[in-house]
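Enquirer: I would like to see how this sequence folds:
(one chain, ligands or ions: 2)
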Amino acid sequence: LEPSELFERTLGADSDIVSKEMYTFSSPGSDERVTLRPEGTAGVIRAFLASALSLPLPQKYYYCGPMFRRERPQKGRLRQFHQFGVECVGSDSVFTDLEIIDMGWQLLRRLKVDSKVELHLNSLGDPESRTAYRTVLERYFKDHINILSANSKMRLEKGAVLRILDSKEKEDHTLIQDAPSLLNHLSPASTQRFQKIQSGLEVLGIPYTLDPKLVRGLDYYGETVFEFVTTQLGAQGTVLAGGRYDRLVSVMGHTRPIPGIGWASGIERLVMLAAGGLPTARDMKPVVVVSPEEHSNRALRTAHDLREQGFEVWSWLWLPPKKQLAKAATEGASYAVFIAEGDQDLTLRNLATRKEGQAASVPAISELLRQGGPN
Ligand code: ATP
Ligand code: MG
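Expert: Ligands and ions are numbered 1, 2, ... in the order given. Coordinates of the predicted model:
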């Protein structure tokens, strides 16, 4: 729970979240209005300002947990869903933007969904760029007001013209496609910054598409914004999204400007995208330690040492060695480490290929395992 005002002030009154999606109620026994958090960034920055201001910058944070939005429930769009996200507070360097985007990309690669997503990138520019663009865009939408959706008309009347680009109404889509591009109205400084972001992405080998209509729904964004989008989840296509929010702390009433950037990812959508193919314990190549009863203490210690090296280790030391191996096979272990009578060495066997290797110590076994051998 956060004070409702935190979201109202930072996300913007006519954002989707504040205008229709928040679960807000008054705290029993008081007139304090509270809201089930619809997103994580505002709360992280609230906590940062409350208790971490004296720490050296930049500060890096992550969060993970349920979020709540009163939406029409459907596949990939839930009223209680789960997000994890990262924030970096206190650096306005383009390298921070690039590291943050790279972190999202590496995560999607490790989850093996990178081939199913596309990075959409845009720059919202500095306030000066947005003011210039807003005028142009307002004129454009006013010229076509008769074909705008009711919701977008309302936004136009309220002066929330950028928000129209974020409209999910079908009738607005062609109009949005043909709208003037924000990228043509960036200030020289923002243009230069955005070029550095793009060349950095090329250095990192991260493919991207420029999406001048990508505005993100929230008021606090400026300069870099991005979304990793898939076409495989219908209209619920955004799996990881974020951007730079250099104005957020001042909007929250703090006098010294502190820049920030971050992203959030929806866990349910990630799981749907991976379609059961998320890396599991199986991919961690479980190791079974096999030993006759008289060496079970050494086996116990070996399993402990291997776990400390970061491996997933199984053992059935109370069974006869043959049964231990049979168990390993049915459970799907990848390797077995044998502790043998009168042998100081450990034997590592690849259970799929039956190839074996000898090593004198756990660190040496670990090294063998890390190199994928014996195979
Ligand atoms: P959308 O455009 O799909 O409504 P959003 O722009 O509202 O998404 P963000 O506020 O950027 O989404 O939230 C970050 C991520 O959280 C999204 O990319 C998505 O993966 C996930 N997400 C957002 N809303 C929901 C929801 N109602 N149910 C499940 N996941 C969600
Ligand atoms: Mg939404």
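
Enquirer: CA only for contacts and neighbour counts going forward, please
Expert: Will do.

Enquirer: where does the residue most central in space within the chain sit: helix, strand or coil?
Expert: By CA atoms, centre = their mean, the chain has its centre lying nearest to residue 265, at 3.7 Å. Put simply, residue 265 is strand when judged by DSSP: H, G, I helix; E, B strand; the rest coil.

Enquirer: contacting residues around the residue nearest to it when sequence neighbours are not counted?
Expert: Take residue 265 and drop its neighbours on the chain: the residue closest to it by CA to CA, 6 or more residues apart in numbering is residue 240, 4.1 Å away. Residue 240 makes contacts with 104, 227, 228, 229, 263, 264, 265, 266, as judged by CA atoms under 8 Å, 6 or more residues apart in numbering.

Enquirer: looking at those residues, which is nearest residue 82?
Expert: Nearest to residue 82 among the contacts of residue 240: residue 266, at 5.8 Å, using CA to CA.

Enquirer: so where is the stretch 201-350 of the chain shaky, pLDDT-wise?
Expert: Applying pLDDT under 70 to the stretch 201-350 of the chain flags residues 276, 279-284.

Enquirer: just the helices in it please.
Expert: Taking DSSP state H, counting those that start in this stretch as the test, the helices found in the stretch 201-350 of the chain are 248-251, 267-274, 296-308, 321-331.

Enquirer: among those, which comes closest to residue 345?
Expert: helix 296-308 (11.7 Å).

Enquirer: give me the buried positions along the closest one.
Expert: Buried residues in helix 296-308, counted by 16 or more other CA atoms under 10 Å: 296, 299, 302, 303, 305, 306.

Enquirer: my read is that the first one contacts residue 316, right?
Expert: What that stands for is residue 296. No. Between residue 296 and residue 316 there is no contact under CA atoms under 8 Å: 10.0 Å.

Enquirer: just the buried ones from the contacts of residue 240?
Expert: Judged by 16+ other CA under 10 Å, buried ones among these: 104, 227, 228, 229, 263, 264, 265, 266.

Enquirer: so who does the nearest residue to residue 290 once chain neighbours are set aside touch?
Expert: Once flanking residues are discounted, residue 290 sits nearest to residue 338: 5.0 Å by CA to CA, 6+ apart. Contact analysis of residue 338 by CA under 8 Å, 6+ apart lists 289, 290, 291, 346, 347, 348, 349.

Enquirer: cool, residue 254 as well?
Expert: Residue 254 neighbours (CA under 8 Å, 6+ apart): residue 49.

Enquirer: and it, how close does it get to ligand 1?
Expert: Distance of residue 254 to ligand 1, given as CA to the nearest ligand atom, to the nearest Å: 24 Å.

Enquirer: so the residue nearest to residue 265 bridges to which residues?
Expert: Beta-bridge pairing for residue 240 (DSSP bridges): residue 228, residue 265.

Enquirer: next: residue 60.
Expert: Residues in beta-bridge contact with residue 60 (DSSP bridges): residue 88.

Enquirer: doesn't residue 86 make contact with it?
Expert: Yes. Look at residue 60 against residue 86 with CA under 8 Å: they come within range, at 7.4 Å.

Enquirer: more neighbours: which of these two?
Expert: Taking other CA atoms under 10 Å, residue 60 and residue 86 do not tie; residue 86 has more neighbours (22 against 13).

Enquirer: just to check, the more buried one is in contact with residue 260?
Expert: No. Residue 86 is beyond contact range of residue 260, at 10.6 Å (criterion: CA under 8 Å).

Enquirer: what parts of this protein come near ligand 1?
Expert: Listed as neighbours of ligand 1 in the chain under the rule CA under 6 Å from any ligand atom: 69, 76-79, 81, 83, 217, 236, 238-241, 264-266, 269.

Enquirer: list buried residues within those residues.
Expert: By neighbour count, with 16+ other CA under 10 Å, the residues of the chain next to ligand 1 hold 69, 76-79, 81, 83, 217, 238-241, 264-266, 269 as buried.

Enquirer: compute the first-to-last residue distance for stretch 156-169.
Expert: Start to finish, the residues bounding stretch 156-169 are 14 Å apart (CA to CA, to the nearest Å).

Enquirer: and it, which residues are buried?
Expert: For stretch 156-169, by 16+ other CA under 10 Å, it's 156, 160, 161, 162, 163, 164, 165, 166, 167.

Enquirer: understood, closing this out.
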